[in-house]
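Novice: task: produce atomic coordinates for the following.
(one chain, ligands or ions: 1)
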Amino acid sequence: MNLEELNKKYKTLSPKERIAELYKDFDQTKVLYTSSFGTTAALLLKMVTDINPNQLIYFLDTTYHFVETLEYKKELISKLGVNVTDVFPEDWKNEFTKKDKTWTIDQDLCCSINKVEPMDKLKEGQDVWISGLLGYQNSHRKNLDVFEEKGGLLKFYPILDMTEEEVNLFFSDNDIPKHSLEAQGFHSIGCAQCTVKGKGRSGRWSNTSKSECGLHL
Ligand code: SF4
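Specialist: Just a heads-up that it's a prediction; the model follows:
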């Protein structure tokens, strides 16, 4: 199936149906899944691992996460019974960003070193990357299709069209704990240096024009 046919087929399916179909249409060993353990990440984590318990799960550890995110990750691993592999940036480059405080000077470079480069290594040899982007989070995301082709890899957004109400309902129906910072007003959570309280993704790289770390652009 080409991109157009995939989008036509998956558009009318529910998020769970899309994930189930993905494992029929693609080689399971070439499906990449990373979780951010942010405010909405547990939803996709539960859906994916319920449908395919063998799916490998990666976490990009930039070394700049909130302690609360790392605690939440531990809580979800225990609650959902999943295995997660941590992926780190190259030591010397990460050290450079620490000394340089690169996030205060050039956030694109900092994200490139600590997020995009490790992600690029994970992508090698994979066919599809499952991502939990939600359309209501910003205008870039709202205009996406379920599948998008980026640099020879298909990006798959099975929950793209879920509403905020449906996301909240999924958490309560499945008794999934929330990220502890959400109750304090953080709606989207990334690295501690670049995240403040705010609705939607407004708290990410606030006061700059940056709205995505580069992983999804
Ligand atoms: S979000 Fe901020 S601290 Fe994290 S990698 Fe990007 S610029 Fe660096």
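
Novice: could you say which helix or strand contains the closest residue to residue 43 other than its chain neighbours?
Specialist: Of all residues not flanking residue 43 in the chain, residue 170 sits nearest, at 5.2 Å (CB to CB, 6 or more residues apart in numbering). C-beta: built from backbone N, CA, C; applies to glycine. Here residue 170 is covered by helix 164-173, with elements defined by DSSP states H and E.

Novice: counting neighbours, which bits of that helix end up buried?
Specialist: Using 16 or more other CB atoms under 10 Å as the test for burial, helix 164-173 gives 167, 170, 171.

Novice: for these, which one is nearest residue 103?
Specialist: residue 167 (28.3 Å; CB to CB).

Novice: in contact with that closest one, which residues?
Specialist: Going by CB atoms under 8 Å, 6 or more residues apart in numbering, residue 167 touches 40, 43, 134, 159.

Novice: in strands, which of those fall?
Specialist: Secondary structure assignment (DSSP state E) places none of those within strands.

Novice: just the closest of these to residue 102, please.
Specialist: Checking those one by one against residue 102 (CB to CB), the nearest turns out to be residue 40, at 27.2 Å.

Novice: can you report phi and psi for residue 31?
Specialist: Backbone torsions of residue 31, given as degrees, to the nearest 10, read phi -110, psi 120.

Novice: now do the contacts for it.
Specialist: 22, 23, 55, 126, 127, 128, 129, 130.

Novice: same check, this time on residue 83
Specialist: Per CB under 8 Å, 6+ apart, neighbours of residue 83: 56, 57, 77.

Novice: got the contact list for residue 154?
Specialist: Per CB under 8 Å, 6+ apart, neighbours of residue 154: 3, 6, 127, 128, 129, 147, 148.

Novice: next SSE after the helix or strand of the chain with the lowest mean pLDDT?
Specialist: Using mean pLDDT, DSSP states H and E, helix 139-142 stands out as the lowest-scoring helix or strand of the chain, at a mean of 73. Later in the chain than helix 139-142, the nearest helix or strand by DSSP H and E is strand 147-150.

Novice: just checking, what packs against that following strand?
Specialist: Contact here means 3 or more CB pairs under 8 Å, 6 or more residues apart in numbering; DSSP states H and E; on that basis strand 147-150 packs against helix 3-11, strand 153-156.

Novice: related to what we said a few turns ago, looking at the contacts of residue 83, state which has the most neighbours.
Specialist: Counting neighbours by other CB atoms under 10 Å, residue 57 leads those with 18 neighbours.

Novice: show me the contacts for it.
Specialist: Per CB under 8 Å, 6+ apart, neighbours of residue 57: 33, 34, 35, 45, 48, 49, 82, 83, 84, 85.

Novice: and for it, nearest residue in space, chain neighbours not counted?
Specialist: In space, residue 57 is closest to residue 84, 4.8 Å off (CB to CB, 6+ apart).

Novice: pretty sure the one you found sits against residue 55.
Specialist: No - using CB atoms under 8 Å, residue 84 makes no contact with residue 55, being 11.0 Å away.

Novice: just the element for the residue of the chain most remote from its centre, please.
Specialist: Distance from the C-alpha centroid of the chain peaks at residue 99, with 27.1 Å (CA atoms, centre = their mean). Taking DSSP H and E as the definition, one finds residue 99 inside helix 91-100.
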